[in-house]
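Peer 1: need a 3D model of the sequence below.
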Amino acid sequence: MSYVIHPLKPIYNGDSKILILGTMPSVVSREKNFYYAHPKNRFWPTLEKVFKEPIIDKEKFLLEKKIALWDVFASCEIDASSDASIKNASPNDLETLINQSKIKAIFTTGKTAYKYYLKFFKDKICLPVFCLPSTSPANCKVKDTELVDAYQKIKDFLIEE
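Peer 2: Residues are numbered from 1 along each chain as shown. So this is what the prediction gives:
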């Protein structure tokens, strides 16, 4: 079990319309200094399928699509990359990010992010929140097609706005 302080800055700008939240960057993501960097994580391939385009520059892609990306936790105790092991967590300052953007909805990448989002922010942030399946390689029971179907909600929400 290690105490980890979130090492990555949020990706967003004033035009961001939705916020995708994970829990804490994985060991590989922390080493590579970018979100969802594990080669077997299906986050980026899923977004490529949803938006029907290759993602060359991940940060540019997110900003062009008006997607903000961050995590629920500012710090926590965690065993390697296991969300199930998270203890003594403190939240990131989501309110400031939301106030500096046009965020209209929040999407979590898994049940743990959803659970802790509700714990920390249910009474502070009045936006719709949707729990998407985790794209982690540990969540292999969810098929790629199911991920794409679920993450399609992001694109649908952006189109409706």
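
Peer 1: surely residue 133 is in contact with residue 141?
Peer 2: No. Taking contacts as CB atoms under 8 Å, residue 133 lies outside contact range of residue 141: 9.2 Å. Just so you know, the C-beta spots here come from the backbone N, C-alpha and C atoms, and that holds for glycine as well.

Peer 1: quick one: which of those two has more around it?
Peer 2: Shown here are residue 133 and residue 141; by other CB atoms under 10 Å, residue 133 has more neighbours (20 against 7).

Peer 1: pop out the phi and psi values for that one.
Peer 2: In terms of degrees, to the nearest 10, the main-chain angles of residue 133 are phi -70, psi 150.

Peer 1: residues near residue 147, how many?
Peer 2: Per other CB under 10 Å, the neighbour tally for residue 147 reads 22.

Peer 1: do residue 118 as well
Peer 2: Using other CB under 10 Å, residue 118 is surrounded by 14 other residues.

Peer 1: with adjacent residues omitted, what lies nearest to it?
Peer 2: Distance criterion CB to CB, 6 or more residues apart in numbering; nearest residue to residue 118, sequence neighbours excluded, is residue 129 at 7.4 Å.

Peer 1: with residue 101 instead?
Peer 2: Distances taken as CB to CB, 6+ apart place residue 16 nearest to residue 101, at 4.2 Å, with adjacent residues excluded.

Peer 1: what count of nearby residues applies to residue 148?
Peer 2: 16.

Peer 1: count of residues packed around the residue nearest to residue 103 when sequence neighbours are not counted?
Peer 2: Residue nearest to residue 103 in three dimensions, not counting chain neighbours: residue 19, with 5.0 Å by CB to CB, 6+ apart. Using other CB under 10 Å, residue 19 has 25 neighbouring residues.
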